[in-house]
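In: heads up, no residue letters with this:
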């Protein structure tokens, strides 16, 4: 019998996930040919995203009854804040110009969706909603690492972060926690979990696509 | 000296608010010429929006220390759920086809933004963020009522709801509560309040504009 | 097969509930012989309790996904705020002396326990934790109404409120909602629900007992 | 001009704090003469308290807008979970008998009060409410370290933890963050902060006193 996460991944594998791998953003990142202004736009939005994702994991940590699991998510939240700071330092000159970054519509849509789930859904659904961010990044990171142009790729440090075995171990842990909880989900709850996983995966696609387009507010 | 809400409205009056009045959606609603499929799209999204906005007001009610204010927001939340149900009955045949409505990106962006504010900001900022929904609807309602084509406008019940003096009284109450709280806001908090008011106003524009475009998920 | 609420009541019927009926506070209220200062202490603490219980129901309302259920709890929260105000007016002279009421340890223990459950447990457990306040009051009210001294009982309005058929109907509704949700509870969740029901029932006993003792802070 | 924390400490120094130093629990811990069953009762309740206090700090972390501050409270929460585990291991044989610890009324009163503040008060008030646990422990720890019987005190590892300079540095940090935030508090908010600090300090006294009495549930 399929685990929850196997079923969830199957629902996006040949659609959203395949579409992500085919995004110009991902292809050009892999080749090292991605425009620097585009990457700058992306990394700034990612900084804003990670700040909020760190908060989401912190709230999640406070809701987990198992102290071991709660403690793990505290560490993930802390690591994400550190990654955010390190990415910031790594690409420091990108941020010289403006301190007051403004989240793009797609960035705000994604983090707002996660806050909505936190406020209106059960713990199981929250776990399903935060999984695509961990998992898709790890899969995309591994895919890029395998297929990339390794000669002087200016984005190597980004690729190495998400393609690393350390990061893979974290993602396996999050998947395992999610499956453990999913076992006690009611039928209705499982439907909601699959929906949240799918919706968050859509937003992963949107995030990269919006970065490539340097998405602006229409008003 | 300007009240908070005077300052907040000034920040959108000649920009976002003016742009809302000039939206095709608003103009055609006023003339009664708005395409029925467009209105159907709008009213379905509005239903989803109001469900979530009712929740936001409920959470806000639970955070207000003054029992009188808390009680008022309970009533607003209840009224919104009733409006949602009545709109539903009024335009019942519109919903015949599909029970499982899916929020559009702009609808989810707006409600997700409000949930984000609830989870990450002070009560004052929450109050500022929920104000545009009340206030802009009331101003637009009054504007339409004044300038509308009154001959057989199929959207008359919608116009009458938001153009009514009862609704105006509610909005004045919400404005007064917001100003009362704003008096004790620190400088930094007031900046955040103005930003939240402006951002939620942007989303009012987006909501109507996205309805006119029958906005779809790009993936 | 027993419903959740049947099983929950069985766990307290011959222990906590029986002990509540035997409390001096309840016996003397029934006879109308309860010391007025004791009732004053009680009604002040009850006012503070109901304010907080109203908040708890409001937070619960915001977490219920079914709009009909959410709307019901909004009305209960509103009704409780109204009861609180009416009790206040009914026994108005009792409150003349001090505006700044301070919650007793047992009052704070009970409302703090409910806030803890809201922050750390699933919706099902929250539902189980708020049930004893509704249900035990209704049972005690009906018991008192049946066995009371009806001649000039100064506490008649209190007795009539909780012994009324209107109140009984509300409690039946809350019980039905709780049972409906309990059906999808996992085994572990059901254990937590029973524990929360039992713990909140203990606090019902503590609340009345502490009123009879006019409980003070030891420091 | 006095800082908030100077004013707050002054409000408890000659009353609650003095009374804590004079508690039999503290005196006998200092002498090493404290009954082992009493310490066992205390350490079990402390374990339950710290689990919940860790959650409170985690929720607080999620509400702090400054990433640096948010990150610090994540680390405090993590450290508390680790302290809880280490205390557990240090006094492991104490826990052999029963896995299912039940919080005493005073333990639940304290953690429930903090959850109540989190749900109903502003960030400033939350900061004031969590301060006594940090600060009083540090002061009591330093006091005991100075005045203790150092010959074979079986509670030395406990004393060393709270009397350490590392712990002092943490407490100074928390005090500084609290004062920084208090600067922008309104007059009404400051009153609430002082009340929360005082109330949480009362609960520190209650916690130690209840441990000495091996407090039981009266029903």
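Out: Here it is on my side, so go on. Nothing here was measured: the structure is a model prediction, and the numbers come from that model.

In: could you use CA atoms for every contact and neighbour count after this?
Out: OK.

In: and the biggest helix by length in chain A, which residues are buried?
Out: In terms of residue count, the longest helix belonging to chain A (DSSP state H) is helix A:36-63. Burial within helix A:36-63, assessed by neighbour count using 16 or more other Cα atoms under 10 Å in any protein chain shown, is assigned to A:39-63.

In: cool, and stretch A:107-119?
Out: Going by 16+ other Cα under 10 Å, stretch A:107-119 has these buried residues: A:107-119.

In: can it be said to contact chain C?
Out: Yes - judged by Cα under 8 Å from any Cα of the partner chain, stretch A:107-119 comes into contact with chain C through residue A:119.

In: and residue A:195, how many neighbours?
Out: Neighbours of residue A:195 under the rule other Cα atoms under 10 Å in any protein chain shown: 17.

In: work out for me the element it sits within.
Out: Using DSSP states H and E, residue A:195 sits in helix A:187-212.

In: try residue A:140
Out: Following DSSP H and E, one finds residue A:140 within helix A:123-147.

In: list the buried residues in that helix.
Out: Buried residues in helix A:123-147, counted by 16+ other Cα under 10 Å: A:123-145.

In: let me see the mean pLDDT of it.
Out: The average pLDDT for helix A:123-147 rounds to 96.

In: with stretch A:165-180 instead?
Out: Mean pLDDT, stretch A:165-180: 96.

In: what sits up against that stretch?
Out: A:3-5, A:69, A:124, A:127-128, A:131, A:134-135, A:138, A:161-162 (Cα atoms under 8 Å, 6 or more residues apart in numbering or on different chains).

In: got it, and stretch A:18-35?
Out: With contact meaning Cα under 8 Å, 6+ apart, stretch A:18-35 is reached by A:12, A:140, A:144-145, A:147-149, A:152-155, A:205, A:208-209, A:211-212.

In: got the angle for the helix holding residue A:195 vs helix A:36-63?
Out: 160 degrees (axes from the mean of the first three to the mean of the last three Cα atoms, to 10 degrees).

In: helix A:187-212 vs helix A:123-147, what angle?
Out: On the basis of the same axes, to 10 degrees, helix A:187-212 is oriented at 40 degrees to helix A:123-147.

In: restrict the contacts of stretch A:18-35 to those near chain B?
Out: Restricting the contacts of stretch A:18-35 to those near chain B - Cα under 8 Å from any Cα - leaves residue A:205.

In: stretch A:41-58: how far from the chain's middle?
Out: Chain-centre distance of stretch A:41-58: 9 Å, with Cα atoms, centre = their mean, to the nearest Å.

In: give me the average confidence score over that stretch.
Out: Mean predicted lDDT for stretch A:41-58 stands at 94.

In: residues in contact with the residue nearest the centre of chain A?
Out: Chain A has residue A:133 as the residue nearest its centroid, 2.3 Å off, counting by Cα atoms, centre = their mean. Counting by Cα under 8 Å, 6+ apart, residue A:133 touches A:200-201, A:204.

In: tell me the one among those nearest to chain C.
Out: Closest approach to chain C among these (Cα to the nearest Cα): residue A:200, at 19.6 Å.
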